[in-house]
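Engineer: Need coordinates for the below:
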Amino acid sequence: MPTIFKPSLSWLLVFVPVTIALEYLSVESHTLIFLSSCVAIIPLAGLMGKATEHVAERTGEAIGGLLNATFGNAAELIIALMALREGLHEVVKASLTGSIIGNILLVLGASFLAGGLRYKVQRFNASGARIQSTMLTLAAIALILPAAYHFLGGQEAIAREADLSLEIAAVLIITYGLSLVFSLHTHKQLFLPEARGENEESKTHRRLWSLTRSLIVLGVATLLVAWMSEVLVGSVVYAAQSLGMTSVFIGIIVVAIIGNAAEHTTAVIAAIKNRMDLSIGIAVGSSIQVALFVAPVLVFASYFIGPAPMNLVFTPAEVIAIALAVLITGEIAGDGESNWLEGVQLLSVYIILGIVFYFLPEVMQSLVPKP
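Structural biologist: Predicted coordinates:
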């Protein structure tokens, strides 16, 4: 199976130059550009997953998952910074919301389902998962309270939203940094993977890449994913509008799924190989990183590259979606075991949210406060 699968992914790399050519030589072919860039991201995400797996073999599941989440979110951060430069705060916030709920519902759900179809019960470190669930709850609180302040504080509160968001952003970044110290240094034993039997694939494991090679492949693939994602986002708006999709749906569902293609691929592959600690570290860790690091960075960056500062006030629909996603993830991931039905449950919540955002009227964007 692997010998057949890898050449297929390698062959798909031809769509990277094809996408670049279409982008510059046939700028009006939005549908072709959209399809080509989608296909181009698939093998690049596969390379990121492969490199991350080799890194995890040498550094451990925790660092491997952190690296994948970081490199996977790099593409989204680049896209968000470009949107921020144009003052598209609503699009940036929608993509952040989509990334958070997409990782803990779609990616984690797909991982539980894929792994559960191969193994009846899969186990992972419950203490580490509970700590990550608590961090998710913190992220939800940090995103809910500014919205509550805006909608309950009246006109006088709106004038101070920028300062409020800036201070909350500082707290989140500091907390995220301390969480890394906790998980990678002072209490790293809490995040050690559960002991698992070696399967046939691991027994016949191929020779590992060197750490240098793995990091180079990871870095180059990330840059290309960022480029392809930028091209794709530019074309998906036209394709989505022709299908009657709202900009809210585009940002929360479409752009988020594409921007997180690397995490989708790697987490699912890790689950199929019964490496659930790595899979959870990628999916949940990516959501934590988006909420506690990427979002605050964008708030600070908006003071330098945007026409106006961005705040952390999300729409009621976005806040509700994040809160519900965090709630069910904490319920499912806290016992240290997973199965295919839990994957179905997470995916069901994601599909329901997607349906709601699809039917959500465009006028709901007016609830997003203007800077």
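Engineer: Without its sequence neighbours, what residue ends up closest to Y176?
Structural biologist: The spatially closest residue to Y176, leaving aside those adjacent along the chain, is L292, at 3.8 Å (C-beta to C-beta, 6 or more residues apart in numbering). The C-beta positions use only the backbone N, C-alpha and C, and glycine is treated the same way.
Engineer: how far away is that neighbour from V284?
Structural biologist: 12 Å (C-beta to C-beta, to the nearest Å).
Engineer: In terms of neighbours, single out the busier of the two.
Structural biologist: V284 (26 against 23; other C-beta atoms under 10 Å).
Engineer: Report the residue spans of the stretch 1-150 of the chain with pLDDT below the cut-off.
Structural biologist: Of all residues in the stretch 1-150 of the chain, those with pLDDT under 70 make up the ranges 1-9, 60-62, 68, 72, 75.
Engineer: let's see it at 50
Structural biologist: For the stretch 1-150 of the chain, the stretches with pLDDT under 50 are 1-7.
Engineer: How about S29, nearest residue that isn't a chain neighbour?
Structural biologist: Excluding the flanking residues, the one nearest S29 by C-beta to C-beta, 6+ apart is L22, at 5.9 Å.
Engineer: T70 too?
Structural biologist: Q289 (6.8 Å).
Engineer: Which secondary structure elements does the strand or helix carrying the one you found sit against?
Structural biologist: Element membership of Q289, judged by DSSP states H and E, is helix 276-289. Counting contacts by 3 or more C-beta pairs under 8 Å, 6 or more residues apart in numbering; DSSP states H and E, helix 276-289 packs against helix 30-59, helix 61-85, helix 89-101, helix 108-118, helix 126-158, helix 161-181, helix 261-272, helix 316-333.
Engineer: what mean pLDDT does it have?
Structural biologist: Helix 276-289 carries an average pLDDT of 88.
Engineer: Please list the outside residues in contact with the next helix or strand after it.
Structural biologist: Counting by DSSP H and E, the next helix or strand C-terminal to helix 276-289 is helix 295-305. By C-beta atoms under 8 Å, 6 or more residues apart in numbering, the residues outside helix 295-305 that reach it are 77, 80-81, 84-85, 89, 92, 96, 143, 165-166, 168-170, 172-173, 308-312.
Engineer: out of these, which are buried?
Structural biologist: 77, 80-81, 84, 89, 92, 96, 143, 165-166, 168-169, 172-173, 309-312 (16 or more other C-beta atoms under 10 Å).
Engineer: Distance from the chain centre to stretch 71-81, please.
Structural biologist: Relative to its parent chain, stretch 71-81 has a centroid offset of 9 Å by C-alpha atoms, centre = their mean, to the nearest Å.
Engineer: Could you do stretch 213-227 as well?
Structural biologist: 17 Å.
Engineer: buried residues in it?
Structural biologist: 214-215, 217-218, 221-222, 224-227.
Engineer: Would you mind measuring the gap between the ends of stretch 283-295?
Structural biologist: End-to-end distance for stretch 283-295, by C-alpha to C-alpha, to the nearest Å: 17 Å.
Engineer: Return the set of buried residues in it.
Structural biologist: In stretch 283-295, counting by 16+ other C-beta under 10 Å, buried: 283-295.
Engineer: And those residues, which two are furthest apart?
Structural biologist: Largest separation among the buried residues of stretch 283-295 by C-beta to C-beta: A283 and A295, giving 17.6 Å.
Engineer: who touches I272 in this structure?
Structural biologist: Here I272 is in contact with 114-115, 118 (C-beta under 8 Å, 6+ apart).
Engineer: and which of the residues you listed is nearest to I355?
Structural biologist: A114 (22.8 Å).
Engineer: What is the burial count for the spatially closest residue to T134 that is not a sequence neighbour?
Structural biologist: Counting by C-beta to C-beta, 6+ apart, G330 is the residue found nearest to T134 once chain neighbours are left out, at 7.9 Å. Using other C-beta under 10 Å, G330 has 19 other residues around it.
Engineer: Equivalent analysis for the one 4 residues further on, please.
Structural biologist: Applying other C-beta under 10 Å, we find 15 residues neighbouring G334.
Engineer: What about it? Give its phi and psi, please.
Structural biologist: Per-residue torsions, G334: phi -90, psi -10 (degrees, to the nearest 10).
Engineer: could you measure the nearest residue to it once chain neighbours are set aside against I174, distance?
Structural biologist: Among residues not flanking G334 along the chain, R130 sits closest, at 5.2 Å (C-beta to C-beta, 6+ apart). The gap separating R130 from I174 is 22 Å, by C-beta to C-beta.
Engineer: So which of those two has more stuff around it?
Structural biologist: R130 (16 against 12).
Engineer: show me what contacts Q289?
Structural biologist: Per C-beta under 8 Å, 6+ apart, neighbours of Q289: 69-70, 73, 176.
Engineer: Most neighbours among these, which one is it?
Structural biologist: A69 (28 neighbours).
Engineer: picking up where we left off before, buried subset of the contacts of I272 as a ChimeraX selection?
Structural biologist: Filtering the contacts of I272 down to the buried ones (16+ other C-beta under 10 Å) takes a single ChimeraX command:
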select :114,115
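Engineer: And stretch 284-301, end to end?
Structural biologist: Per C-alpha to C-alpha, the first residue of stretch 284-301 is 25 Å away from its last.
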